[in-house]
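Enquirer: Compute the structure for the input listed below.
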Amino acid sequence: MRDAVLAPVLALPAADRDALLDTVRAWFRCGGSLAATAEELHYHRNTINHRLRRVERLTGRDRSDPRAAAELHVAVLADGLFRRA
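Expert: Have a look, this model is predicted:
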């Protein structure tokens, strides 16, 4: 699931990849709130929205679609487990 969903993101240079994945993880932790995510990460909400739209374009998953969001959530959770292993 991790590779199937996140392959285009994982192929990015480390700094870009990490920024996008950190943003997605924070967005899920914040219950999908752009404002709360921006506050947690200390970025403007437009920056958060831009990063999330970039993830949508790269993965082909629209975060407003519950199934697509669920796939993205499982993939970033799997990525976190994979990186710790």
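Enquirer: helices and strands around the helix ranked longest in the chain, which ones?
Expert: Ordering each helix of the chain by length in residues (DSSP state H) puts helix 66-84 first. Counting contacts by 3 or more C-beta pairs under 8 Å, 6 or more residues apart in numbering; DSSP states H and E, helix 66-84 packs against helix 2-10, helix 14-29, helix 45-59. For the C-beta atoms, the positions are set from N, CA and C on the backbone; glycine is no exception.
Enquirer: Could you pull out the buried residues of the second one?
Expert: Meaning helix 14-29. By 16 or more other C-beta atoms under 10 Å, the buried positions in helix 14-29 come out as 17, 19-21, 23-28.
Enquirer: likewise the shortest one?
Expert: Within helix 2-10, the residues that qualify as buried by neighbour count (16+ other C-beta under 10 Å) are 2, 5-6, 9-10.
Enquirer: Would you quantify the distance from the residue lying closest to His73 once chain neighbours are set aside to Pro13?
Expert: If the residues on either side of it in the chain are set aside, His73 comes closest to Phe28, at 5.5 Å by C-beta to C-beta, 6 or more residues apart in numbering. As defined by C-beta to C-beta, to the nearest Å, Phe28 lies at a distance of 23 Å from Pro13.
Enquirer: where does this structure dip in pLDDT?
Expert: Applying pLDDT under 70 to the chain flags residues 84-85.
Enquirer: so who does Cys30 touch?
Expert: Residues counted as contacts of Cys30 (C-beta atoms under 8 Å, 6 or more residues apart in numbering) are 36-37, 40.
Enquirer: Now the two most distant members of the buried residues of helix 14-29.
Expert: Comparing all pairs in the buried residues of helix 14-29 by C-beta to C-beta, the longest separation belongs to Arg17 and Phe28, at 16.9 Å.
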